[in-house]
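Asker: my questions are about this predicted structure, shown below with the sequence.
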Amino acid sequence: MSDYLEPLVVGEYPLPAVEPGAILVRIERATVCGSDVHGWEGAYEGVLPVEKPLILGHEAVGVVAELGSGVAADSLGIPLAVGDRVVWASETCGQCWECTVLHTPTLCRDRRLGMLEPASKSPHFTGTFAEYCYVRPRAGRLRVPDGLPSTWASVATCAVRTVVNAWDLAGPVDADSIVVVQGSGPVGLFATAMARAAGAHRIIVIGGPRARLDIATAWGADDVIGVEDTSADERVETVLNLTDGAGATVVLEASGAPGAIEEGLSMARRAGRYVLIGSTGKGIQTISPYKIVNKGLQVRGSFSGDIDSMHRAMQFMLVHRARFDWDAVIGSEYSLDSVTEALEAMRSQRDIKPVIVPAAST
Ligand SMILES: [Zn+2]
Ligand SMILES: [Zn+2]
């Protein structure tokens with residue numbers, strides 16, 4: 001991608017020499033994340049380091065094409081060989097205060113977000129909407145468990161691991177917890193499934209369109225509230241009515257919608273926890289700080305996830321595959337020539353998770 005909102009073009013770069021510790025993978029399946037659409041729209045300009053031209057895409061499963069010297073196993077010590085299916089995380093520096101003292105690589109100040117790096121510079125294969133991707137030497141990597149379809153594993157690499165990370169920050173959910181999920185996109189739906197698997201007392205999902213709310217119901221929501229035919233005040237009133245006037249123990253913001261945060265603050269109970277996941281791009285929202293102060297809310301931002309949450313995301317999908325029909329969110333397949341169409345399908349909510357199938361893997 002050379003310019004924002006322009007149709008994506010297929011280009012060619014030479015395959016890089018594989019450094020010690022790195023892996024070259026052939027992309028088997030990539031899935032589209034809302035962040036790819038935001039990246040295409042230019043929403044990260046001034047928010048995250050962006051250097052065009054970009055190869056968008058950051059959710060994928062690859063097949064090992066070449067292992068750099070010294071690579072014999074994944075980050076868990078499971079042996080890796082050419083031909084194995086793998087997933088991988090962004091490379092972090094391992095040396096900054098956030099990596100070293102905080103042990104929170106998602107906040108690494110030198111984290112390499114491949115899809116925002118310049119594809120014109122070596123190793124070129126930075127994003128996943130491509131035939132190949134370059135897994136940098138310090139990037140976490142995991143062999144995909146047998147029995148986990150590649151489309152599911154791909155979704156685990158961002159959407160599901162982001163939810164794992166968010167639930168870690170949100171704190172425990174138990175049979176006394178009332179959960180509100182704002183948003184019924186992939187993140188909102190997986191957050192719903194995880195709350196259900198954790199045994200939440202009641203789960204209320206706010207979103208749309210109807211087909212997505214139906215998935216939310218199938219995945220464990222007790223109540224769904226459509227955003228298309230309600231006002232913010234009505235939604236707040238409904239949540240309060242459903243919770244005996246108290247509000248929710250935990251509210252997760254997974255919509256990124258303008259005005260969502262003020263609405264979510266009104267839905268949290270006293271001493272409630274509010275975790276923001278959805279608003280990653282630039283944008284300003286008006287909120288009433290007194291709602292945070294007077295109710296003693298804990299408000300946290302949750303950005304992305306690392307290899308630990310990616311591992312747990314894949315395990316979650318494997319363990320709970322009989323309870324949740326993960327295929328319900330898997331959308332149509334698109335070739336590399338039609339990535340623009342896939343982004344449009346995501347943006348227009350036609351597909352929940354469009355799937356990119358590079359020609360080399362068909
Ligand atoms: Zn770091
Ligand atoms: Zn993502």
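Answerer: That came through, no problem. Ligands and ions are numbered 1, 2, ... in the order given.

Asker: and the helix or strand containing residue 134, what other elements does it pack with?
Answerer: Assigned by DSSP states H and E, residue 134 belongs to strand 132-135. Under the contact criterion of 3 or more CB pairs under 8 Å, 6 or more residues apart in numbering; DSSP states H and E, strand 132-135 touches strand 23-31, strand 59-67, strand 85-91. Backbone N, C-alpha and C define where each C-beta goes, glycine included.

Asker: now it: mean pLDDT?
Answerer: Throughout strand 132-135, pLDDT has a mean value of 97.

Asker: follow-up on the earlier one: between the helices and strands packed on strand 132-135, which gets nearest to residue 327?
Answerer: strand 23-31 (12.4 Å; CB to CB).

Asker: circling back: can I get the helices and strands packed on strand 132-135 in TSV with mean pLDDT?
Answerer: Below are the helices and strands packed on strand 132-135 laid out as TSV (pLDDT from 0 to 100):
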stretch	mean pLDDT
strand 23-31	98
strand 59-67	98
strand 85-91	97
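
Asker: residue 142: which of these is closest?
Answerer: That would be strand 85-91 among the helices and strands packed on strand 132-135, by CB to CB, at 5.3 Å.

Asker: may I have the helix or strand following the closest one as PDB, with CA atoms only?
Answerer: Following strand 85-91 in sequence order, the next helix or strand is helix 97-100 (DSSP H and E). The C-alpha trace of helix 97-100 is given here as PDB (Å, rounded to 0.1, in the frame of the first residue of the first chain):
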ATOM      1  CA  TRP A  97      12.500  -0.700  30.700                       C
ATOM      2  CA  GLU A  98       9.100  -2.000  29.600                       C
ATOM      3  CA  CYS A  99      10.700  -5.300  28.400                       C
ATOM      4  CA  THR A 100      13.200  -5.700  31.200                       C
END
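
Asker: can helix 97-100 be said to contact ligand 1?
Answerer: Yes. Taking CB under 5 Å from the ion as the criterion, helix 97-100 and ligand 1 are in contact, through residue 99.

Asker: buried ones in that helix, by neighbour count?
Answerer: 98, 99 (16 or more other CB atoms under 10 Å).

Asker: same thing with stretch 74-90?
Answerer: For stretch 74-90, by 16+ other CB under 10 Å, it's 74, 75, 80, 84, 85, 86, 87, 88, 89, 90.

Asker: phi, psi for the second one please.
Answerer: Geometry field for residue 75 lists phi and psi as phi -70, psi -10, criterion degrees, to the nearest 10.

Asker: list the contacts of the closest residue in space to it that isn't next to it in sequence.
Answerer: Counting by CB to CB, 6 or more residues apart in numbering, residue 75 lies nearest to residue 140, which is 4.6 Å off, once chain neighbours are set aside. Contact analysis of residue 140 by CB atoms under 8 Å, 6 or more residues apart in numbering lists 75, 88, 89, 306, 307, 310.

Asker: pull the contacting residues for the last one.
Answerer: Contacts of residue 310 were listed using CB under 8 Å, 6+ apart, and they are 87, 89, 140, 142, 156, 157, 161, 164.

Asker: for the fourth one, same thing?
Answerer: Applying CB under 8 Å, 6+ apart, we find residue 306 in contact with 89, 90, 92, 105, 106, 140, 161, 165.

Asker: wait, the first one sits on residue 309?
Answerer: So that's residue 89. No. Counting by CB atoms under 8 Å, residue 89 sits too far from residue 309 to count as a contact (9.0 Å).

Asker: and the residue nearest to residue 75, how far is that from residue 209?
Answerer: Relative to residue 209, residue 140 is positioned 36 Å away (criterion: CB to CB, to the nearest Å).

Asker: thinking again about what came up before, from the contacts of residue 140, pick the one nearest residue 262.
Answerer: residue 306 (30.5 Å).
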